[in-house]
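K.L.:
With the input below, show me the fold.
(one chain, ligands or ions: 2)
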Amino acid sequence: MKCPQCLKNEQTSLCFVGNFVKTTAMGGGLLYWDEAGTYHNHDPNRSTGSYHCSRGHRWTIMTRHACPGCDFGHMEPEVKILAEPELNTRE
Ligand SMILES: [Zn+2]
Ligand SMILES: [Zn+2]
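P.N.:
Numbering: from 1, shown residues only. Ligands and ions are numbered 1, 2, ... in the order given. So this is what the prediction gives:
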């Protein structure tokens, strides 16, 4: 993984996992086997993790639980860049 803000700035950095992890609680997913015996796990919950880089950028990545039997939940994770720290703040 690379920091999405550093990618924009064409910089490099170290990336760290933050301590913020959130999972939505929308109840259990739909677990079933279809007519072909294929296992499906349609979990509506999403997990969000936070990350930061050695340049002080922060971002979150929201992922869904991908069903092993079909396309459910196989979309790209949503990356959201949080506000850049104000390094040049003056009183
Ligand atoms: Zn960065
Ligand atoms: Zn499925």
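K.L.:
For stretch 71-81, C-alpha coordinates in CSV please.
P.N.:
The C-alpha coordinates for stretch 71-81 follow below in CSV (Å, rounded to 0.1, in the frame of the first residue of the first chain):
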residue,chain,number,x,y,z
ASP,A,71,-19.9,-10.7,-7.5
PHE,A,72,-21.5,-9.4,-4.3
GLY,A,73,-19.3,-7.0,-2.5
HIS,A,74,-16.4,-7.2,-5.0
MET,A,75,-16.2,-3.4,-5.6
GLU,A,76,-13.1,-1.5,-5.1
PRO,A,77,-12.3,-0.4,-1.5
GLU,A,78,-13.3,3.3,-1.0
VAL,A,79,-10.3,5.4,-0.1
LYS,A,80,-11.0,8.7,1.7
ILE,A,81,-8.2,11.1,2.3
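K.L.:
does ligand 1 sit close to it?
P.N.:
No. Judged by C-beta under 5 Å from the ion, stretch 71-81 and ligand 1 are separated, with a smallest distance of 9.0 Å. Yep, even glycine has a C-beta here, placed from its N, CA and C like the rest.
K.L.:
Would you indicate which residues of that stretch are buried?
P.N.:
For stretch 71-81, a neighbour-count test (16 or more other C-beta atoms under 10 Å) marks 72-73 as buried.
K.L.:
Could you do stretch 7-18 as well?
P.N.:
Across stretch 7-18, burial judged by 16+ other C-beta under 10 Å covers residue 13.
K.L.:
mind listing the strands in this structure by residue range?
P.N.:
Counting by DSSP state E, one finds strands in the chain at the ranges 15-23, 30-33, 39-42, 46-53, 58-64, 78-81.
K.L.:
looking at the ones you listed, which is closest to residue 2?
P.N.:
Counting by C-beta to C-beta, residue 2 lies closest to strand 15-23 out of these; the figure is 6.8 Å.
K.L.:
Tell me the confidence at the nearest residue to residue 55 once chain neighbours are set aside?
P.N.:
Using C-beta to C-beta, 6 or more residues apart in numbering and skipping residues adjacent in sequence, the residue nearest residue 55 is residue 13, 4.7 Å away. pLDDT recorded at residue 13 is 97.
K.L.:
In this structure residue 13 contacts residue 51, no?
P.N.:
No. The pair residue 13 / residue 51 is not scored as a contact, 10.8 Å apart, by C-beta atoms under 8 Å.
K.L.:
Okay then, goodbye and thanks.
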